[in-house]
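Trainee: Fold the stuff below for me.
(2 chains)
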Number of protein chains: 2
Amino acid sequence: MRILLAGLLAATALPAFAQPGPRPNQDELVATLRTDALADEQAWRITEDLTTEVGQRLAGTEAEARARTWAVQRLTALGFAKVRIDDFDMPVWQRGREAAELLGPYPQKLAVAALGNSASTSEAGITAEVVSFADLDALRAAPADQVRGKIVYIGHAMPRTEDGSGYGVFGAPRRQGPTIASQKGAVGIVIRSIGTDREHRNPHTGVMNFADGATPIPAGALSNPDADQLERIFARGQRPTLRLTLVSKVTQGRSGNVIAEVPGRDPTAAPVLVSCHLDSWDLGTGALDDAAGCGIVTAAAKRIMDAGMPARPIRIVWFGAEEVGLFGGLDYRARYGKQPHHAIMESDFGADRVWKVDSRLGPEREAEAKRLQRMLQPLGIVPGSLTKTEGSDIGPMVADGLPGAALSQDGTRYFDVHHSPDDTLAMVDKKQMQQNVAAWTAAVAVLAGPVEVRPPARRRAR
Amino acid sequence: MRILLAGLLAATALPAFAQPGPRPNQDELVATLRTDALADEQAWRITEDLTTEVGQRLAGTEAEARARTWAVQRLTALGFAKVRIDDFDMPVWQRGREAAELLGPYPQKLAVAALGNSASTSEAGITAEVVSFADLDALRAAPADQVRGKIVYIGHAMPRTEDGSGYGVFGAPRRQGPTIASQKGAVGIVIRSIGTDREHRNPHTGVMNFADGATPIPAGALSNPDADQLERIFARGQRPTLRLTLVSKVTQGRSGNVIAEVPGRDPTAAPVLVSCHLDSWDLGTGALDDAAGCGIVTAAAKRIMDAGMPARPIRIVWFGAEEVGLFGGLDYRARYGKQPHHAIMESDFGADRVWKVDSRLGPEREAEAKRLQRMLQPLGIVPGSLTKTEGSDIGPMVADGLPGAALSQDGTRYFDVHHSPDDTLAMVDKKQMQQNVAAWTAAVAVLAGPVEVRPPARRRAR
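Mentor: Model prediction:
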């Protein structure tokens, strides 16, 4: 990369910074940036440092506040412009003591984690017979007197898929199960974790909300092996009794989005938004979900900034409070959602390889969209739709119709780990993460418009 | 199998049970038994049922007592003779609340489990700076004033090996670390788990004993990812402060060995002892360690019993209280260790495939030892030593010089799971377990001597 840039620069005497610089053949420049990014260390460093020096970053807590302080320091140190926090208030659900213990017929402890927004039990927990349902429809179909006074269990094991699409239907027991169980008079609910690791006792948490009018009840997730255990007990014709202790509390707290920019040559141009979320669930250290995403998009932006100056600003947003309700994305939308954006993008699906690119830039930008596809193909990324895009925090703005692109990551093992104690740096595959950085660097270089290369003296130290 | 036996039986009019039956060509019979065992369901059933219907079986507790009751019922139902319990008293260490929380420089929780015989902290725990050592030798070499008043951490990550031999040297921090740390004035110790799963947050417990004169201190194991986290903090030049809460208690309890027999044609002949241990650590359900072993040896004995009657009795022992100090093995040795045994054997290394056979039957029994090797080779089992054998509960009797054989299992992934919350049925590979049953069936058929086949009418239902 340096050699190529030096070659490109050698031919030209350069004026001062922010003056027009040399504009090399852009396909060649993107190709070089892309290749260089395959050896990226920045994304890993951000992921390692954030998960080590902060750890879990539950939204609205002091841990997430420490993460914002850390993020401002790091983004500033990396040389980004306009580093700032947009903060906002929010309710904060936090777990306390948790336990699930079968009292009969076979006394034993099960590994459990409360779902976000679970009602709290007392320290003594609740004790009731467990009634089992194969899936959400079976619970829906059950007469209330089969459920009343009991703890509902829902199975419905989620399969692995490359595109992660199982999360929709197989995630339904988490999102809707507690409400339906409550409406039928259940005193609590435990679901099989919405997770695809069938071997390790890692319960997967995740948010849910009780529908209006539904009385909140304690709601937890068992690890897959513990769910198997419970199902084996039902298979023996037994009626297990469970003591479920899920202590939690709700307070008021503050979260915020951390924002930084790579200046564009035209400061008034609509920015390219590249994003991730800074908050994590509290059980692991949020390495795959989503420190890695912050590492990837930030490393990509940094590479472009170090190479020169794009036509349009690149706006980096590390959203707050994604996990518990997209609060950061909604705050951003409320503040900036009516302003033009050239493209909005988010990395929030781990760090495994990008395998597909979708975009929705509009019919008038088809050439740009096709160039985006073309510049990603050398990384083994298949061209996807030109009429759809997606993202988590940016989802509401995607729904609003803002233009954007989506780099789909291999989700085969993502739900092995997601929202569980096992989401730590140990799960991040550096090689695949580097492919992500390459993909993002190429994509953002295309979308942020022609990059004028910077004279070597002004290129920033890493 | 049934067809072959029917063929063998067809030629002979049979007298009543316990009269001499037909004695088919023994190599052919062993080969048939071996092949038939590759479809075994019994070992899996025992493993599934024991781990489901009892769960964890910590030695000396009511859970282990329930397991003995379960075992007597099951062994009786399977048709074994002389089913009984030899019980004995023992001290019982039991864990209470556990937590490890870094207070600084980066506040976060770490996954920890107390080691067996750890001293108890108060409910409030102890708080001290952590001092890090790469291995046990580094701790040994450290001046006491570097350790005094601190919590010692020892790294020394254990590698995977097929023969599991890493457990010796890499297990030393668990066995000796607490004593050495205590002798140098440490207030506590946390080690990197003696476990080879580097990705999941499964702390591995295990027993240790303080040497005479050493003051017991709290001693725990961090999961590998948590140990990595701590090491990354040290790598940043930081001095972490840890609050360590490891509450435990010691009471007096009762354990026991569950014993059953396959009668031999000569009731006075020295028995072939096939064994496993019934107790488990408390974090998982002890599926690989060692319900599977009980399943394997019992299924093998059952297959021989169902086929006919061996020359020598087969004595099945499900030892109690192996994990916490081989108490069951020592009790058996005290009662029966002076009596002749034709061979002693134990399965206590999970359920992955048998890859090697060692034996020590004595020079005068070389032909028998070679036949044992030969009858196992079709299962892909390599012939090992003729002058050594091993086993856990039977280890003291092996040291006493009793003859025996050892079927070495593939231990590559055994220490991923061993003594951790992840030791559940989900980790058992049924196909490999069936290969174990085939190996044990063949080995025991060889060692228990010529098997006379039983008339079909007298063969027992499974």
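Trainee: all strands of the stretch 351-462 of chain A, in order?
Mentor: Shown for the stretch 351-462 of chain A, the strands assigned by DSSP state E, counting those that start in this stretch span residues A:354-360, A:382-383, A:404-409, A:452-453.
Trainee: Mean neighbour count, the ones you listed: which tops it?
Mentor: Each of the strands of the stretch 351-462 of chain A was assessed for mean neighbour count using mean count of other C-beta atoms under 10 Å in any protein chain shown. The highest is strand A:404-409, with a mean of 26. To be clear about C-beta, it is placed using only N, CA and C from the backbone, and glycine gets the same treatment.
Trainee: among the strands of the stretch 351-462 of chain A, which is nearest B:Gly329?
Mentor: The stretch from those with the least distance to B:Gly329 (C-beta to C-beta) is strand A:404-409; that distance is 51.4 Å.
Trainee: still on that earlier bit, now render the strands of the stretch 351-462 of chain A as a markdown table, adding distance to chain B.
Mentor: Putting the strands of the stretch 351-462 of chain A into a markdown table (distance: least, C-beta to the nearest C-beta, whole Å) gives the following:
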| stretch | distance to chain B |
| --- | --- |
| strand A:354-360 | 22 |
| strand A:382-383 | 29 |
| strand A:404-409 | 18 |
| strand A:452-453 | 35 |
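Trainee: how about these, which one is nearest B:Arg243?
Mentor: strand A:404-409 (37.3 Å).
Trainee: The closest one vs strand A:354-360, what angle?
Mentor: Relative orientation of strand A:404-409 versus strand A:354-360 (axes from the mean of the first three to the mean of the last three C-alpha atoms, to 10 degrees): 160 degrees.
Trainee: Contacts for strand A:404-409, please.
Mentor: Contacts to strand A:404-409, defined as C-beta atoms under 8 Å, 6 or more residues apart in numbering or on different chains, come from residues A:163, A:273, A:341, A:343-347, A:349-361, A:369, A:372, A:376, A:381, A:384, A:388-391, A:394, A:397-398, A:436, A:439-440, A:443, A:447.
Trainee: Doesn't A:Ala227 belong to a helix?
Mentor: Yes - counting by DSSP: H, G, I helix; E, B strand; the rest coil, A:Ala227 is part of a helix.
Trainee: For the closest residue to A:Ile314 other than its chain neighbours, grab the count of nearby residues.
Mentor: Of all residues not flanking A:Ile314 in the chain, A:Val262 sits nearest, at 3.9 Å (C-beta to C-beta, 6 or more residues apart in numbering or on different chains). Using other C-beta atoms under 10 Å in any protein chain shown, the number of residues around A:Val262 comes to 27.
Trainee: what residues are up against A:Val262?
Mentor: Residues near A:Val262 by C-beta under 8 Å, 6+ apart: A:80-81, A:301, A:304-305, A:310, A:313-314, A:316, A:448.
Trainee: for A:Glu390, same thing?
Mentor: With contacts defined as C-beta under 8 Å, 6+ apart, the neighbours of A:Glu390 are A:358, A:398, A:406.
Trainee: can I assume A:Val72 is in contact with A:Asp87?
Mentor: No - under the criterion of C-beta atoms under 8 Å, A:Val72 makes no contact with A:Asp87, lying 11.7 Å away.
Trainee: how about the residues of the stretch 301-450 of chain A near chain B?
Mentor: Contacts of the stretch 301-450 of chain A with chain B, taken as C-beta under 8 Å from any C-beta of the partner chain, map to A:421-422, A:424-427.
Trainee: how about a cut-off of 6 Å?
Mentor: A:421-422, A:424, A:426-427 (C-beta under 6 Å from any C-beta of the partner chain).
Trainee: got TSV for these, with neighbour count and pLDDT too?
Mentor: Below are these laid out as TSV (neighbours: other C-beta atoms under 10 Å in any protein chain shown; pLDDT from 0 to 100):
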residue	neighbour count	pLDDT
A:Pro421	29	98
A:Asp422	28	98
A:Thr424	30	98
A:Ala426	22	98
A:Met427	25	98
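Trainee: Next one: A:Asp279 from A:Gln56, what distance?
Mentor: In this view, A:Asp279 and A:Gln56 are 9 Å apart by C-beta to C-beta, to the nearest Å.
Trainee: any chance you could map the helices in the stretch 151-300 of chain A?
Mentor: Shown for the stretch 151-300 of chain A, the helices assigned by DSSP state H, counting those that start in this stretch span residues A:166-170, A:172-183, A:224-235, A:292-307.
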